[in-house]
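J.: What shape does this take:
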Amino acid sequence: GGNMKTQIITIGDIEGDRRLSQYLSWWVKNINQEKHMLSVTEESLKKELLAAAIAFSENEEVIAISGIVNGRNKEEKEMIFDNKKVVEIGSNFVSPPFRNRGIGSKLVLERLQVCKEKNWFPVSITTNPVMLRIFHKLNAKSMESDPQYDCLRQELCICHHFSSDCRVCPLQKNGGWVFE
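T.: Below you'll find the predicted structure:
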């Protein structure tokens, strides 16, 4: 069965939430084991994190976690699009035994709701087929599909964060998504 409950922890609460530190280490360890995900450290995640959506199983264990982070550009400046702060929904991790149960979708929806409340402009940068299936269900739009997003796509470069090579960047492979 499984009564899963989700909880959103926003950055204001993150400081006060003792438990987040234990979630963070679980999250970072798991993200870093996923082949398709860029590796992170607790420090880098904490610094960028604006909110986290966390799912718990009925016996209170963390089974999934995902974040909203600042959308960043090469200059590390805050990004604005359509008079809204650009944020990225990413770092999605659902524990393997709990996959394909709609948890990932729920965490995406919860984060989009937070963005709406805070008047943030959510984007996502991914080519992960699982996330793309969720995005298609939610009618997300590829940045490639509309010239109004060209500047945004060019500005949203994350490679320098991870000193990785721009040629492997998902943005080079139609990996930029917006939620309207």
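
J.: contacts, neighbours, all on C-alpha from now
T.: OK.

J.: Provide the strand pairings for the lengthiest strand in the chain, with the direction of each partner.
T.: When the chain is parsed with DSSP state E, its longest strand is strand 84-94. Strand 84-94 has the following strand partners under DSSP bridges: strand 62-70 (antiparallel), strand 80-81 (antiparallel), strand 120-125 (parallel).

J.: Turn the ones you listed into JSON lines, including mean pLDDT.
T.: Below are the strands paired with strand 84-94 laid out as JSON lines (pLDDT from 0 to 100):
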{"stretch": "strand 62-70", "mean pLDDT": "87"}
{"stretch": "strand 80-81", "mean pLDDT": "92"}
{"stretch": "strand 120-125", "mean pLDDT": "93"}
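
J.: Just put those strands in TSV and tack on distance to L112 and mean neighbour count.
T.: TSV is the format used below for those (distance: least, Cα to Cα, whole Å; neighbours: other Cα atoms under 10 Å):
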stretch	distance to L112	mean neighbour count
strand 62-70	9	24
strand 80-81	16	14
strand 120-125	7	24
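
J.: Now render the ones you listed as TSV, adding distance to L109.
T.: Shown next, in TSV, are these (distance: least, Cα to Cα, whole Å):
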stretch	distance to L109
strand 62-70	11
strand 80-81	21
strand 120-125	11
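
J.: what's the closest of those strands to S91?
T.: Closest approach to S91 among these (Cα to Cα): strand 62-70, 5.3 Å.

J.: Residues touching the closest one, excluding its own?
T.: 23, 27, 48-57, 78, 86-95, 98, 103-104, 107, 111 (Cα atoms under 8 Å, 6 or more residues apart in numbering).

J.: Buried ones from those, can you make that a PyMOL selection?
T.: Only the buried entries of those go into this PyMOL selection, using 16 or more other Cα atoms under 10 Å:
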select buried, resi 23+27+48+49+50+51+52+53+54+55+56+86+87+88+89+90+91+92+93+94+103+104+107+111
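
J.: Please report how far L112 lies from S142.
T.: 16 Å (Cα to Cα, to the nearest Å).

J.: try E61
T.: 34 Å.

J.: Between those two, which is the more surrounded one?
T.: The neighbour count for E61 versus S142, taken as other Cα atoms under 10 Å, is higher for S142 (19 against 11).
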